[in-house]
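A.B. asks: What would the 3D arrangement of this be:
(2 chains)
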Amino acid sequence: MAVSAPTAPDAGKRRRDVRRTAVVLGIIAAAFYVGFIVMMVWRATR
Amino acid sequence: MAYNDHAADAHDHDAHDHKPHGWRRWVYATNHKDIGTMYLVFAGISFFIGGSMAMLIRLELFKPGMQFLDPQFFNSMTTMHALEMIFGAVMPAWTGLANWMIPMQVGAPDMALPRLNNFSFWILPFAFTLLLATLFVPGGGPAGGWTMYPPLMLQGGAGFPMTIFAIHMMGISSILGAINVVVTIMNLRAPGMTLLRMPLFVWTWLITAYLLIAVMPVLAGAVTMLLTDHFFGTTFFTAAGGGDPVMFQHIFWFFGHPEVYILILPAFGIVSEIIPTFSRKPLFGYEAMVYATASIAFLSFIVWAHHMFTVGMPLAGQLFFMLSTMLIAIPTGVKVFNWTATMYKGSLSFEPPMLFALSFLFLFTIGGLSGLMLAIVPADYQYQDTYFVVAHFHYVLVPGAVFAIMGGIYYWLPKWTGNMYDQTLAKWHFWLSTIFVNVLFFPQHFLGLAGMPRRIPDYAVQFTDWNQVSSIGGFAFGLSQFLFPYIIWKCVRGGVRIGNRAWEGAHGLEWELPSPPPFHSWTEPPSLALIQRGAAH
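C.D. replies: Down below sits the predicted model:
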């Protein structure tokens, strides 16, 4: 089976992809982390 | 000779590495190998600190009656031993191995977020200094067990908030490390390194990283609620104020059970690297292994209450958690079958990494089977909070996770250093560890079945004999571990030079790099031919 040679993504695109994935995961983790704590404290003060 | 000692293809890459020197190299480290090394050294130190606590526990339990330790200090030792070993030794060891190997295995120059990587590591020494400092403040260290159940945990002294803060720091470090792993794997794979060409170690770490991101915040929330209950007048877990201590157990184990898989999934990855190498055969059922890992990760979210059968729950709940727990045996069985099938008709050789992988295979399976016994609700009423549970999870974590870490280090150490280590000493390390880990933990099954409760400094005289056997095993196991840093130190200082491929049956991109690898791993992406040769599964 013929396999076409993959091409390397350019550095700029790769940097943008890294930043985007890191920011998305960071937001998800921070939302979980802080959100869970804030929600609990908020419920406790009601 | 089972390893290649051709130094012909060894290159001197230091000339153009431009790496920083002295203390700056480590404090400002952004290189994945340096950070990986720091994680592994940190894990090793924690392993010996946590191990010395275990020695104190076994010393006190050598005879019935109170010998050496104050009961409060004994409880503190059981708690700190667990926290040190789980968060300080096993998890950082996995992160260290991930740092070292993932960029090399996926064809990347480094981790995607090197400064974040530095930050993730340097949080840890502060977190554990804080945790250990609790032993020196009024009230002593945390003594309510690593599960930190209220109301016991809320009765802690000045060490209580320090413990909570230390756990927050460990959690943040783990989450940041996990984000780095996901970003690296998803974005920095070499062209042609498709997901289903990735080595199993990379796959298991990817799934582990998602687990970490999902559950560490839950632990953070739970311990923060403990903190507010203690200091800010909330009553989340205080029945007198309308709270419910059982809720803590649900929240804790929603984190705690996936945590068990965080500790063991990368071990599956390492064993899946080692066994094909020393069987000189491709891994049997690569895709099944990937799907089995994902299935185990999914199931880990729906089994948490099997830790709480005796707390009281509706029959439907008991049945659900019993059956969902038993379901985990299916993907785990797939893995054990595939490792065995990989060895079937293979050209086996028994170098130290393979010995540790085989020991893992047998002894982890014992831990898995005792886990199945614990999953049976009516039987669990007998086993709950006895030494049977202690025996179970130590079989999973010591000859399971710890042996896989040791096997992984023995597998990749020649790659990291360019030198082959003293295999005779490593085999001594293996045999002493394997024999004495069984002397240490197997009798604990008998003690538990006979009714000896866990987390007690004293016990009834009928438990004496097996406790003495267990303690002797513990001391011998502990002493034999000093061989490990000695073997590594000796290897770092010199040894028989090896070529790119330390083991003749090894496949994977990391074996295409020189030994030791250059400061920056893959500055040029590897060719498709190299990737296809490496992904020979």
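A.B. asks: Contact partners for B:Met373?
C.D. replies: B:379, B:383, B:388, B:392 (C-beta atoms under 8 Å, 6 or more residues apart in numbering or on different chains). Where you see a C-beta, it was placed from the backbone N, CA and C, and this is true even at glycine.
A.B. asks: While we're on it, how confident is the model there?
C.D. replies: With respect to pLDDT, B:Met373 scores 95.
A.B. asks: Likewise for B:His537?
C.D. replies: Value for B:His537, per-residue pLDDT: 59.
A.B. asks: what's the answer for B:Phe255, then?
C.D. replies: So B:Phe255 comes in at 95 (pLDDT).
A.B. asks: Just the element for it, please.
C.D. replies: B:Phe255 belongs to helix B:245-279 when assigned by DSSP states H and E.
A.B. asks: low pLDDT regions in chain A?
C.D. replies: A:1-9, A:44, A:46 (pLDDT under 70).
A.B. asks: ok so, going back, angle of the very next helix or strand once past the helix holding B:Phe255 against helix B:245-279?
C.D. replies: Moving toward the C-terminus from helix B:245-279, the next helix or strand (DSSP H and E) is helix B:286-299. Here the directions of helix B:286-299 and helix B:245-279 differ by 170 degrees (axes from the mean of the first three to the mean of the last three C-alpha atoms, to 10 degrees).
A.B. asks: May I see the buried residues of helix B:286-299?
C.D. replies: Across helix B:286-299, burial judged by 16 or more other C-beta atoms under 10 Å in any protein chain shown covers B:286, B:289-290, B:292-297, B:299.
A.B. asks: And for stretch B:131-147?
C.D. replies: Result for stretch B:131-147 [16+ other C-beta under 10 Å]: buried residues B:131-132, B:134, B:140-146.
A.B. asks: and if you look at stretch B:496-504?
C.D. replies: Residues B:496-503 are the ones in stretch B:496-504 that count as buried (16+ other C-beta under 10 Å).
A.B. asks: now the end-to-end length of that stretch.
C.D. replies: 15 Å (C-alpha to C-alpha, to the nearest Å).
A.B. asks: How far off centre is that stretch?
C.D. replies: Computed by C-alpha atoms, centre = their mean, to the nearest Å, the chain-centroid distance of stretch B:496-504 equals 27 Å.
A.B. asks: Mind checking which of the buried residues of stretch B:496-504 are in strands?
C.D. replies: Applying DSSP state E to these, the entries found in strands are B:496-497.
A.B. asks: Would you map the helices across the stretch 1-150 of chain B?
C.D. replies: Along the stretch 1-150 of chain B, counting by DSSP state H, counting those that start in this stretch, helices occupy B:23-27, B:32-60, B:71-83, B:91-106, B:114-133.
A.B. asks: Just the residues contacting the third one, thanks.
C.D. replies: For helix B:71-83, the surrounding residues in contact (C-beta under 8 Å, 6+ apart) are B:50, B:53-54, B:56-57, B:60, B:69, B:131-132, B:135, B:140-146, B:163, B:167, B:455, B:457-458.
A.B. asks: just to revisit the earlier point, list buried members of the contacts of B:Met373 by neighbour count.
C.D. replies: B:383, B:388, B:392.
A.B. asks: and of these, the nearest to A:Ile27?
C.D. replies: B:His392 (38.2 Å; C-beta to C-beta).
A.B. asks: which residues touch the closest one?
C.D. replies: Residues in contact with B:His392 (C-beta under 8 Å, 6+ apart) are B:367, B:370-371, B:373-374.
A.B. asks: Among these, name the buried ones.
C.D. replies: The neighbour count (16+ other C-beta under 10 Å) marks B:367, B:370-371, B:374 as buried among the contacts of B:His392.
A.B. asks: Please identify which pair of those lies farthest apart.
C.D. replies: For those, the farthest-apart pair by C-beta to C-beta is B:Gly367 and B:Leu374; their separation is 10.4 Å.
A.B. asks: circling back to that earlier point, okay if I get the helices of the stretch 1-150 of chain B as TSV plus mean pLDDT?
C.D. replies: Below are those laid out as TSV (pLDDT from 0 to 100):
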stretch	mean pLDDT
helix B:23-27	89
helix B:32-60	97
helix B:71-83	95
helix B:91-106	96
helix B:114-133	96
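A.B. asks: just those: most buried one?
C.D. replies: Most buried of those, by mean neighbour count (mean count of other C-beta atoms under 10 Å in any protein chain shown): helix B:91-106, with a mean of 28.
A.B. asks: related to what we said a few turns ago, quick one: which of the contacts of B:His392 is nearest to B:Ala535?
C.D. replies: B:Gly367 (30.8 Å).
A.B. asks: On the pLDDT front, check the closest one for me.
C.D. replies: Residue-level confidence at B:Gly367 comes out at 95, pLDDT.
A.B. asks: now could you export just the CA positions of the helix or strand encompassing it as CSV?
C.D. replies: In this structure, B:Gly367 sits in helix B:352-375 according to DSSP H and E. Extracted in CSV, the C-alpha atoms of helix B:352-375 (Å, rounded to 0.1, in the frame of the first residue of the first chain):
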residue,chain,number,x,y,z
PRO,B,352,16.0,-7.1,34.8
PRO,B,353,13.2,-5.1,33.1
MET,B,354,11.5,-8.4,32.0
LEU,B,355,11.9,-9.9,35.4
PHE,B,356,10.1,-6.9,37.0
ALA,B,357,7.4,-7.1,34.3
LEU,B,358,6.8,-10.8,34.9
SER,B,359,6.7,-10.2,38.6
PHE,B,360,4.2,-7.4,37.9
LEU,B,361,2.1,-9.8,35.8
PHE,B,362,1.8,-12.4,38.5
LEU,B,363,1.6,-10.3,41.6
PHE,B,364,-0.6,-7.5,40.2
THR,B,365,-3.0,-10.3,39.2
ILE,B,366,-3.1,-11.5,42.8
GLY,B,367,-3.9,-7.9,43.9
GLY,B,368,-6.6,-7.8,41.2
LEU,B,369,-8.2,-11.1,42.3
SER,B,370,-8.3,-10.0,46.0
GLY,B,371,-9.9,-6.8,44.6
LEU,B,372,-12.6,-8.9,43.1
MET,B,373,-13.1,-10.7,46.4
LEU,B,374,-13.5,-7.3,48.1
ALA,B,375,-16.1,-6.3,45.4
